[in-house]
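Asker: Pasting a predicted model and its sequence here:
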Amino acid sequence: MATACRHISEQNQNWLGKVLGRVKSPRLASMLHDEFTVVAGGITLIMLARYLLLVGPMGTLLMTTSLLLSVQWLLRPRNFPPGPWGLPVLGNLHQIAVDPMKSLTEFGKKYGDVYSIRIGMDNVVILCGWDAFKEAIVNKADEFRMRPSHLYIYKEYADSKGIGFVNDATTHRLNRKFVLKTLKEFGLGKQTLEEDIAQEARYLCHQIYKHDGKPIGKMGSMLTRSSAGIILRLVFGKHYEWEDPEFKLFVGNITRGFELMTMYGAIFNVYPWLRYIPYVKSLGQAVMDNMSDFKKLILDKIEQHRSSRVPGKPRDLVDAFFDELEDNSGVNDFSHLLPMVADLLTAGMETTATTLHWTALYMALYPDVQRKVQDELEAAVGKGKAPTLADVSKLPFTEATIKEIQRICNVAPLAVPRMTTTDVELRGYHIPKGTQVCMNLYTVHMDPKYFSEPEVFNPNRFLGDDGKVQKMEAFAPFSAGRRVCIGEQMARNELLIFFTTMMTHFTFKLPEGAPTPDLSKGKLGITLSPPDFEVLAVRRTSGDIIENI
Ligand code: HEM
């Protein structure tokens, strides 16, 4: 388009230039040129005014709309995946705003597994079902590696640093390598992290126990605090009590960040100019203020670490980062530390907590499955004893139940947006470099080709004929490819220990006469949380394991 405009204006210049070139005096030529411009401009304005009088406001609106639609059509790359026509400026936002997951899935049925929509003025490719997801995200991992980190809020949040919004391949690889190594050193596969998780799980059960079998309305926020405790301990090396003011600040800030990002953040990413519009700009300011409070909280912790650390003796991830910087062997530079910590805290807290929240609801609604899990736990480790990770192989049905809940609940149904690194061909379509790509993981997990009767809750689908847990190709709650969730292993450990500890000590039930929550009415924000519900936790064990923590 820009080239076309340049071409037209060059053509005009040549035409005018040729005429004026015949004039001998350069001064006269320049005067004539200016006169011509003024006259031509004047004529255009008069024509425009006459036109407006002629067609009236309605006609003007129609003309402007068709003009904008034509521009939109011209801006659409050639041989781009098909998709619904959108409105000027809005694109398809009005069609997806009410129930994004449903509309993005319905469009897939109409336009195919690789289709496109417009969000504002941006073309976005949507991938539906396992086959399309695999062809792009797994088979063309490098081409679909980046994130749209240039978008306003993402840029303000991370400025292409840390992990989640870093695009430079080498930096991304180095930073991921450092985090994975540190996760291993401080926990994964080691007794320490497992014991931390078990301790948090017991503390959670203690809090549940305090409800004394009465309805628990705020199960979600209890679970958020539990998973926050673990990730904060890993990053800052500190065990927080739930009442600790600093802990409350972190949890409150991250929870609010998720809410604000859902309500306003996405809009400011699409229309960054809204931040200059009176009244509206205060909404964007709320996102920014929360973000800067969050950064300040993290920075204070980093500075405390800098002054109290003993080089070579890391207590946690922040200390390990300083060591790596001094060794000059791993991470790039200090500026990555804050966004890296921010990524781990935000990505590590809400996702795990929301999955556990769904498990409580599913167990209350499927008592047979709950009973079977509890029987398996008792047979494997004995009555009243919570299992450890070493017991996993004895708990196939329990593991399958967690997987089935992850599949059917889709805690991260649209994952995190990606962006193409280069021009790429997919299913015969051309997707230019820098195109945003959205992975509809809900359609992956509901793909009937890979999951028979996908709408049915059936943990047995994850069990092979030998009764052992079987790998299912299209199961991807942590996504895949170059940006697959870095906390996958840690999250799996957390889910197992929390779920089994809760199942050891309690049976979940809906309160007598309470309406059955509609499982299809999850609340979509950055994650998909269960609909509001109250649950009873009936004590199964005696003794003071969770009474006196
Ligand atoms: C049940 C829990 C979790 C789920 C369902 C989940 C899911 C996801 C998904 C779908 C992505 C997007 C990957 C992509 O772009 O393809 C992601 C990325 C990420 N997750 Fe998780 N996650 C969970 C727990 C965690 C935990 C505990 C941590 C921290 C230890 C974590 C840290 C991250 C980070 C840093 C990224 C960005 C990776 C990158 O861009 O390279 N997640 N997660």
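Answerer: On my side now, so go ahead.
Asker: what sits against Gly86?
Answerer: Contacts for Gly86 (Cβ atoms under 8 Å, 6 or more residues apart in numbering) come out as Gln72, Asn92, Leu93, Gln95, Ile117, Arg118. For glycine as for every other residue, the C-beta is placed from the backbone atoms N, C-alpha and C.
Asker: Tyr115 versus that one, what's the distance?
Answerer: In this view, Gly86 and Tyr115 are 13 Å apart by Cβ to Cβ, to the nearest Å.
Asker: The residue of the chain found nearest the ligand: neighbour count?
Answerer: Closest approach of the chain to the ligand (Cβ to the nearest ligand atom) occurs at Gly487, with a separation of 2.2 Å. Around Gly487 there are 22 other residues, counting by other Cβ atoms under 10 Å.
Asker: Also Gly237?
Answerer: Neighbour tally, Gly237, other Cβ under 10 Å: 18.
Asker: you'd agree it is up against Ala320?
Answerer: No. Gly237 is not in contact with Ala320 according to Cβ atoms under 8 Å; the separation is 10.0 Å.
Asker: Arg461: neighbour count?
Answerer: 19.
Asker: Would you mind naming what in the chain lies close to the ligand?
Answerer: For the chain, the residues in contact with the ligand (Cβ under 6 Å from any ligand atom) are 163-164, 176, 231, 343-344, 347-348, 351-352, 355, 411-412, 415-416, 418, 477-479, 481, 483-487, 490-491.
Asker: could you redo the last one with a cut-off of 5 Å?
Answerer: Residues of the chain lying close to the ligand by Cβ under 5 Å from any ligand atom are 163-164, 343-344, 347-348, 351-352, 355, 411-412, 415-416, 477-479, 483, 485-487, 490-491.
Asker: dump the residue contacts of the residue of the chain closest to the ligand.
Answerer: Leu183, Leu344, Ala347, Gly348, Thr351.
Asker: mind putting those residues in JSON lines, neighbour count and secondary structure included?
Answerer: Listed next are the contacts of Gly487 as JSON lines, based on neighbours: other Cβ atoms under 10 Å; DSSP: H, G, I helix; E, B strand; the rest coil:
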{"residue": "Leu183", "neighbour count": "20", "secondary structure": "helix"}
{"residue": "Leu344", "neighbour count": "24", "secondary structure": "helix"}
{"residue": "Ala347", "neighbour count": "20", "secondary structure": "helix"}
{"residue": "Gly348", "neighbour count": "24", "secondary structure": "helix"}
{"residue": "Thr351", "neighbour count": "21", "secondary structure": "helix"}
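Asker: For those residues, give me CSV that also has distance to Asp532 and pLDDT.
Answerer: Shown next, in CSV, are the contacts of Gly487 (distance: Cβ to Cβ, whole Å; pLDDT from 0 to 100):
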residue, distance to Asp532, pLDDT
Leu183, 34, 89
Leu344, 29, 97
Ala347, 25, 94
Gly348, 24, 92
Thr351, 19, 95
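Asker: Closest one of the residues you listed to Ile405?
Answerer: Of all these, Thr351 has the smallest distance to Ile405: 13.2 Å, by Cβ to Cβ.
Asker: The most centrally placed residue in the chain and Gly59, how far apart?
Answerer: Residue closest to the mean C-alpha point of the chain, counted by Cα atoms, centre = their mean, is Val416 at 3.7 Å. Distance of Val416 to Gly59, given as Cβ to Cβ: 44 Å.
Asker: what's the answer for Ala491, then?
Answerer: 58 Å.
Asker: Over to Tyr111: give its phi and psi.
Answerer: phi -100, psi -10 (degrees, to the nearest 10).
Asker: for the closest residue to it other than its chain neighbours, what are its contacts?
Answerer: Nearest non-adjacent residue to Tyr111, counting by Cβ to Cβ, 6 or more residues apart in numbering: Pro82, 5.0 Å away. Residues in contact with Pro82, defined by Cβ under 8 Å, 6+ apart, are Tyr111, Gly112, Tyr115, Ser116.
Asker: Out of those, give me the two with the largest separation.
Answerer: Gly112 and Ser116 (10.2 Å).
Asker: So if I had to pick from the two, which one is more boxed in?
Answerer: For Gly112 and Ser116, the more surrounded residue by other Cβ under 10 Å is Ser116, and the numbers stand at 24 against 17.
Asker: would the more buried one count as being in a strand?
Answerer: Yes. Ser116: assigned to a strand according to DSSP: H, G, I helix; E, B strand; the rest coil.
Asker: That one is in contact with Asn79, isn't it?
Answerer: No. Taking contacts as Cβ under 8 Å, Ser116 lies outside contact range of Asn79: 11.2 Å.
Asker: rewinding a little: which ones among the residues of the chain next to the ligand map onto strands?
Answerer: Among these, no residue falls in strands (DSSP state E).
Asker: Strands of this structure, start to end?
Answerer: Counting by DSSP E, the strands of the chain are 114-119, 122-128, 418-419, 424-426, 429-431, 436-440, 506-509, 523-524, 528-529, 536-539.
Asker: And those strands, which one averages the lowest pLDDT?
Answerer: Set side by side, the strands of the chain give their lowest mean pLDDT on strand 523-524, at a mean of 90.
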